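J.: Fold the stuff below for me.
(2 chains)
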Number of protein chains: 2
Amino acid sequence: MTTSISKLSDLLSEKVRVTNQVIEENLSSKETTIIGDIASHLINSGGKRIRPLLTLTVAKLFDYQGDKDTLLAAAIEYIHSATLLHDDVVDRSEKRRGLKTANIIWTNKYSVLVGDYLFSRAFQLMVRTESLRIMKTLSDASAIISQGEILQLAIEKKLDVSKEDYLKVIKGKTSALFSAACQAGAEITNARDSHVDALQEYGECIGTSFQLIDDLLDYLGNENKMGKNKGNDFFEKKITLPIIHAYERSSKAEKKFIKELFQKPLPNHSDLTDLLEILESSKSLLYTKNQALIWTERSINALQIIENSEIKTLIVELAEEILDRVS
Amino acid sequence: MTTSISKLSDLLSEKVRVTNQVIEENLSSKETTIIGDIASHLINSGGKRIRPLLTLTVAKLFDYQGDKDTLLAAAIEYIHSATLLHDDVVDRSEKRRGLKTANIIWTNKYSVLVGDYLFSRAFQLMVRTESLRIMKTLSDASAIISQGEILQLAIEKKLDVSKEDYLKVIKGKTSALFSAACQAGAEITNARDSHVDALQEYGECIGTSFQLIDDLLDYLGNENKMGKNKGNDFFEKKITLPIIHAYERSSKAEKKFIKELFQKPLPNHSDLTDLLEILESSKSLLYTKNQALIWTERSINALQIIENSEIKTLIVELAEEILDRVS
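T.: Below is the predicted model:
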């Protein structure tokens, strides 16, 4: 996923620079240095900043001439970072983007509070866009995000969760912010409603595809690209699409075996190997990739009503490249 | 602190009813019942809802005729509840308002995520007020709140913290939301700037007084009123004004003794008794009460530029009654 992202970053280099500056400027607090330390540890740990780039890209797509897109893009990255800090507390994660997580270095309580701080900072930045419409889009997205995280806890260890319910989880944990990043990027340009809707749909669909590919990569073990350990979701007992599919297709005896794997208090690498064999024989990884493909196609279809342009071509490419992370 | 609060609740009974309805309506999520369960456990646990009442009261003071004050008041209560859920995680508290805390019943991860959900819901309600000015006031307050909580962690076990630094902590953990509740209540009425400033100052000062009285009550042990155990702050190793004052006035030997008390991994009730004797002999509880009195006077002075009215009289009484919680 380098081509279109690096082309867009080049094309929007001045906007990206200003956004990064806004992100840096608002990280620190004059009252205490620890906020800046923790927030920087996460925010400067090499995340691709794809969400703010989407916002800037969509604003450019509609030929936005103002300077508020960078405030908005920074706000989106702050919301994303706040959710990561809290996620790592909730999941007791120890590693993210190849580094120790903030909860491991500074303890949970700092991660909770600095997450809250970033979330507040995001709202302050949004207020500076002076657009109530954008504030509505992003506060709605925030509610869906936290709701999705709670749903994810509710399906923990629930192997027979339906694919529909799992899609609701994905909507919260990933698609909602991709969707809001694109929608708000269109809204700030005062694009017409049908165009705003198209970009909202595009964002939601690539977000879903992005998460399905993440689910897949977790079992393919692409440690360099993910900065996480192979089988991380399994060790955290997270039910994802490959598992739901495999369980659904399994015989009674296999179901019992999968259940036992997920019930082990301390699963080990041999358990992961067993699980991978099941995923292989049930073709669940292939199924997941095909589902991601469907969502990517849907995202590209959503853009049909948008006039062709260099930026539009790159946005389409970006959707396609989300799939290519697997190969 | 019953008289003015119950008079105001009576006078504003219809507004209070609508606010409570907004609070109830937005608590639940159709996706999962656990959000409603956790949020209701906290929100319906008998808190006095003094912050939303302040908002409604200030709107009434400026003769507000619209219906957005109730949305705003509900948003304020949600922000307050979100911070309580996160505070209890950070402090590992087990009891609040006489009940088990949500983190004890449902675990930390639910408290973190439901706190995030309430915070998002608060912003959704604010958006419905359609006032950018109010969104600025409340997002600024939110940033100060989380910053104050982080500052509080930074001064943990730091007995020689200055009173000035401790006031910054109080500003975050308590005064900022009292202040914003009053300020936003004035802003929604489009009151003139000097009046908005007066109410902001009033809120900040009663918030400070409120917190100092809380610090005091913690050592006086007023379990019925507080719903917390006597000496809770000591057992959580929280440095509050009585302690800062006592430590400041102590001899070298006494300082060593206080330090040892706060360094004990598992302090017991006899340690608390020792500490209370020191607080008694250094007159630190009296000092704290006098400080609260000063902030209360300051809050009442701030209202001088406001025309006299029945509501103003009750607002002044409310400030005085915050002090009376001690007797």
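J.: where does chain A have low pLDDT?
T.: A:1-2, A:222-228, A:327 (pLDDT under 70).
J.: one more time with 50
T.: Where chain A drops to pLDDT under 50, the residues are A:1.
J.: By residue count, tell me the biggest helix in it.
T.: Secondary structure of chain A per DSSP state H: the longest helix is helix A:193-220.
J.: just checking, what packs against that helix?
T.: For helix A:193-220, the elements it packs on are helix A:50-61, helix A:163-170, helix A:176-187, helix A:223-226, helix A:232-235, helix A:241-249, helix A:284-302, helix A:310-324, judged by 3 or more C-beta pairs under 8 Å, 6 or more residues apart in numbering or on different chains; DSSP states H and E. No exception for glycine: its C-beta is placed from N, CA and C like everyone else's.
J.: Single out the most deeply packed of these.
T.: helix A:176-187 (a mean of 29; mean count of other C-beta atoms under 10 Å in any protein chain shown).
J.: residues making contact with that helix?
T.: Helix A:176-187 is contacted from outside by A:51-52, A:54-59, A:61-62, A:69, A:72-73, A:76, A:79-80, A:83, A:131, A:133-134, A:137-138, A:140-141, A:144-145, A:148, A:195-196, A:199-204, A:206-207, A:210, using C-beta atoms under 8 Å, 6 or more residues apart in numbering or on different chains.
J.: Just want the angle from it to helix A:193-220.
T.: Between the axes of helix A:176-187 and helix A:193-220, defined by axes from the mean of the first three to the mean of the last three C-alpha atoms, to 10 degrees, the angle is 150 degrees.
J.: The residue of chain A most remote from its centre and A:Glu260, how far apart?
T.: Within chain A, A:Ala253 marks the point farthest from the mean C-alpha position, 35.1 Å out by C-alpha atoms, centre = their mean. From A:Ala253 across to A:Glu260, the span is 11 Å (C-beta to C-beta, to the nearest Å).
J.: before we move on, the earlier item: of all the helices and strands packed on helix A:193-220, which one is nearest A:Asn108?
T.: Nearest of the helices and strands packed on helix A:193-220 to A:Asn108, taken as C-beta to C-beta: helix A:232-235 at 18.9 Å.
J.: Show me what the closest one is packed against.
T.: Where contact means 3+ C-beta pairs under 8 Å, 6+ apart, helix A:232-235 is packed against helix A:193-220, helix A:269-281.
J.: Mean neighbour count added to those, as a markdown table?
T.: Rendered in a markdown table, the data for the helices and strands packed on helix A:232-235 read as follows (neighbours: other C-beta atoms under 10 Å in any protein chain shown):
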| stretch | mean neighbour count |
| --- | --- |
| helix A:193-220 | 23 |
| helix A:269-281 | 15 |
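J.: Ok, which of those helices comes nearest B:Tyr166?
T.: Across the helices and strands packed on helix A:232-235, B:Tyr166 has its closest neighbour in helix A:193-220 (44.4 Å, C-beta to C-beta).
J.: what angle separates that closest one from helix A:50-61?
T.: Counting by the same axes, to 10 degrees, helix A:193-220 points 150 degrees away from the direction of helix A:50-61.
J.: Which residues of the stretch 51-200 of chain A lie near chain B?
T.: Counting by C-beta under 8 Å from any C-beta of the partner chain, the stretch 51-200 of chain A comes close to chain B at A:83, A:86, A:89-90, A:108-110, A:112-117, A:119-121, A:123-124, A:126-127, A:130, A:132, A:135-136, A:139-140, A:142-143, A:145-147, A:149-151, A:153-154, A:168.
J.: Mind doing that once more with 7 Å?
T.: When proximity is defined by C-beta under 7 Å from any C-beta of the partner chain, the stretch 51-200 of chain A lies next to chain B at A:86, A:89-90, A:109-110, A:112-114, A:116-117, A:119-121, A:123-124, A:127, A:130, A:132, A:135-136, A:139-140, A:142-143, A:146-147, A:149-151, A:153-154, A:168.
J.: buried subset of the residues you listed?
T.: A residue is treated as buried here by neighbour count (16 or more other C-beta atoms under 10 Å in any protein chain shown); on that basis the buried members of those are A:86, A:89-90, A:109-110, A:112-114, A:116-117, A:119-121, A:123-124, A:127, A:132, A:135-136, A:139-140, A:142-143, A:146-147, A:149-151, A:153-154, A:168.
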